[in-house]
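Asks: Just to be clear, the model below is a prediction. Sequence and coordinates:
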Amino acid sequence: MTAMLNKILILSASSGAGHVRAAAAIETAMKARGSARGITHVDALQHTSHLSRHVYSRAYLDMVNSAPGVLGLLYDHFDRPGRGDRQRLALDAVNAWPLIRLIRQASPDYIVCTHFMPAHITAWMQRRGLVSCRQAVVVTDFDLHAMWLCKNSDHYFVALDETREYLTRLGAAAEMVTVSGIPIDPAFSTRRDRQTVRRELGLEPERTTILVTTGGFGVGPTTGLVSSLLDLKHPAQILVMCGRNAELKEQIDRLVRWMPHSGRHTVRAVGYTTAMPQYMAAADLIVGKPGGLTTSEALAQGLLFVIVNPIPGQEERNADHLLEQGAAIRCNNLPVLAYKIDRLLDNPARVSSMQDAAGALARPLAAVEIAMKVEELAKTPYIVPSPAKRRGIRGLIASG
């Protein structure tokens with residue numbers, strides 16, 4: 001019997017829904033294994049100032065909706081190891097004293113971060129002797145932005161072999177990086193019969209089912225996208241996942257009321273739901289933005305991905321990886337969206353090839369793999385980093 005670990009602290013940030021969902025998946029996997037006495041998941045942004053919450057959450061969503069091009073420029077500008085680290089860390093530290101107090105009071109034996117902000121705060125605390133434990137960073141996109149590079153991190157969990165290679169090229173030791181995939185809820189790891197799930201959801205069991213995703217906060221030009229899908233020649237039932245965006249759900253409901261009732265297509269607006277695994281299990285393909293978590297969930301269910309309006313930056317790079325591996329198609333012009341999907345559905349060989357590619361990329365048990373590795377890492381005694389160690393990956397990560 002393995003020795004029982006003590007306290008594991010999982011830190012996420014509600015800057016978008018993916019970081020929190022990834023942390024919750026790891027928490028579920030760890031609790032299921034029962035190898036730690038205490039596992040606590042904390043949304044770090046809820047323990048920072050109003051300014052910090054606004055910058056990381058509200059301002060980000062505002063830019064996604066109104067200035068995505070600017071967001072992409074900022075993403076590229078800061079994608080250089082060390083660039084802006086000192087200034088960002090100074091701002092975060094000033095605004096995160098409640099989080100710093102929480103971490104000190106928790107006195108964890110190991111910290112797992114699914115967002116770079118709490119990872120940098122924890123590393124800053126390590127360097128000042130405010131916390132004496134190791135930490136791992138779980139990257140929640142397929143690519144690795146420079147902001148994820150964290151001094152004193154004990155371990156990185158990444159989605160792809162290419163991402164691991166990038167880290168080692170920057171000077172990380174190979175044993176510091178595990179290619180685990182992005183952690184998703186275990187509910188997505190089970191494949192169910194599509195027709196059966198459709199009946200349970202009140203859907204037609206034999207009709208092509210399309211899942212339109214907008215992220216947890218319901219962003220993007222979804223009404224125009226759904227209108228374009230109504231031109232499909234293949235009869236379809238379209239499920240529009242509106243997340244927490246009540247206004248978007250009302251817009252889709254209004255569209256349904258006014259759409260021609262030819263019987264060829266049906267549209268259903270779905271508000272915030274915990275039944276996303278069932279909806280994905282019912283679908284044939286997914287249309288929307290390739291966020292790290294949504295993409296990983298879709299891959300686990302073998303869905304064909306139709307990429308529309310990816311957010312410049314991380315979603316553009318996720319899209320690149322999906323397209324490179326043959327697991328997705330992309331539509332850059334909404335008026336031809338139905339045409340592209342019809343052409344795909346008319347080609348069973350291509351559909352089968354994309355399903356195989358999705359299966360090859362899928363890592364449905366990533367959360368379990370991370371939990372097992374953290375258990376192993378947490379048993380190694382913490383050693384205060386030497387000045388040489390503090391230089392980080394090739395000295396490229398700025399000191400705090």
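Replies: Sure, I can see it.
Asks: Local confidence estimate at S399?
Replies: S399 carries a pLDDT score of 38 in this model.
Asks: quick one: buried residues of stretch 320-329?
Replies: Applying a neighbour-count criterion of 16 or more other Cβ atoms under 10 Å, one finds D320, H321, L322, Q325, A327, A328, I329 buried in stretch 320-329. Using the backbone N, CA and C atoms, a C-beta is placed for each residue, glycine as well.
Asks: could those residues be laid out in CSV, adding distance to H50?
Replies: Conversion of the buried residues of stretch 320-329 to CSV gives the following (distance: Cβ to Cβ, whole Å):
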residue, distance to H50
D320, 36
H321, 36
L322, 37
Q325, 41
A327, 40
A328, 38
I329, 42
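Asks: From those, pick the one nearest W97.
Replies: Ranked by distance to W97 (Cβ to Cβ), the buried residues of stretch 320-329 are led by H321 at 37.9 Å.
Asks: In contact with that closest one, which residues are there?
Replies: Counting by Cβ atoms under 8 Å, 6 or more residues apart in numbering, H321 makes contact with F142, D143, L160, E162.
Asks: Mind giving me the PyMOL command for buried ones among those?
Replies: For anyone working in PyMOL, the buried entries among those, judged by 16+ other Cβ under 10 Å, can be selected with:
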select buried, resi 142+143+160
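Asks: among the contacts of H321, which one has the lowest pLDDT?
Replies: Of all of the contacts of H321, D143 carries the lowest confidence score, 92.
Asks: surely that residue meets E315?
Replies: No - with contacts defined as Cβ atoms under 8 Å, D143 does not count as touching E315, sitting 9.9 Å away.
Asks: ok so, going back, can you tell me which of the buried residues of stretch 320-329 lies nearest to K373?
Replies: Proximity of the buried residues of stretch 320-329 to K373, judged by Cβ to Cβ, is greatest for H321, which lies at 22.6 Å.
Asks: State the helix or strand in which A371 lies.
Replies: According to DSSP states H and E, A371 maps onto helix 366-378.
Asks: Can you tell me what sits against that helix?
Replies: Counting contacts by Cβ under 8 Å, 6+ apart, the residues outside helix 366-378 that touch it are 2, 5, 8, 25-26, 28-30, 33, 35-36, 109-110, 112, 134, 136, 138, 154-155, 157, 178, 180-186, 296, 363.
Asks: What subset of those residues is buried?
Replies: Members of those that pass the buried threshold by neighbour count (16+ other Cβ under 10 Å) are listed as 5, 8, 25-26, 28-30, 35-36, 109-110, 112, 134, 136, 138, 154-155, 157, 178, 180-186, 296, 363.
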